[in-house]
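Asks: model this:
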Amino acid sequence: MYVCICYAVTDVELRNHIGQGARTVDEIGDACGAGTGCGTCLDRLDVLLAAQLAPSVLSELPMPA
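Replies: Reported below is the predicted structural model:
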């Protein structure tokens with residue numbers, strides 16, 4: 001699923017960047033551009049980071065549309 005439409009970044013790509021060490025929205029932006037365009041995806045990036053870095057109930061919640 002596309003998370004960042006501006007830069008055509010998918011959730012799989014974002015998980016890969018997080019797995020390779022991205023720990024903040026800024027680091028994700030540096031890696032692939034997500035979150036640096038219109039900003040609509042910033043909330044989704046925050047949720048994805050939280051779910052990947054601190055797996056809990058958050059990881060079971062659906063991504064917001």
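
Asks: Pull out the C-alpha coordinates of the worst-scoring helix or strand of the chain on mean pLDDT and format them as CSV.
Replies: Of the helices and strands making up the chain, the lowest-confidence element is helix 42-53, at a mean of 90, by mean pLDDT, DSSP states H and E. Extracted as CSV, the C-alpha positions of helix 42-53 are listed here (Å, rounded to 0.1, in the frame of the first residue of the first chain):
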residue,chain,number,x,y,z
LEU,A,42,3.2,12.3,8.4
ASP,A,43,0.7,10.8,10.8
ARG,A,44,1.0,7.4,9.0
LEU,A,45,4.7,7.6,9.2
ASP,A,46,4.5,8.2,13.0
VAL,A,47,2.2,5.2,13.4
LEU,A,48,4.4,3.0,11.3
LEU,A,49,7.5,4.0,13.2
ALA,A,50,5.8,3.4,16.5
ALA,A,51,4.5,0.0,15.4
GLN,A,52,7.9,-1.1,14.1
LEU,A,53,10.0,0.2,16.9
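
Asks: What residues sit buried inside it?
Replies: Neighbour-count burial for helix 42-53 flags Leu42, Arg44, Leu45, Val47, Leu48, Leu49, Ala51, Gln52 (criterion: 16 or more other CB atoms under 10 Å). For glycine as for every other residue, the C-beta is placed from the backbone atoms N, C-alpha and C.

Asks: Check stretch 19-31 too.
Replies: By neighbour count, and taking 16+ other CB under 10 Å as the criterion, the buried residues in stretch 19-31 are Ala22, Val25, Glu27, Ile28, Gly29, Ala31.
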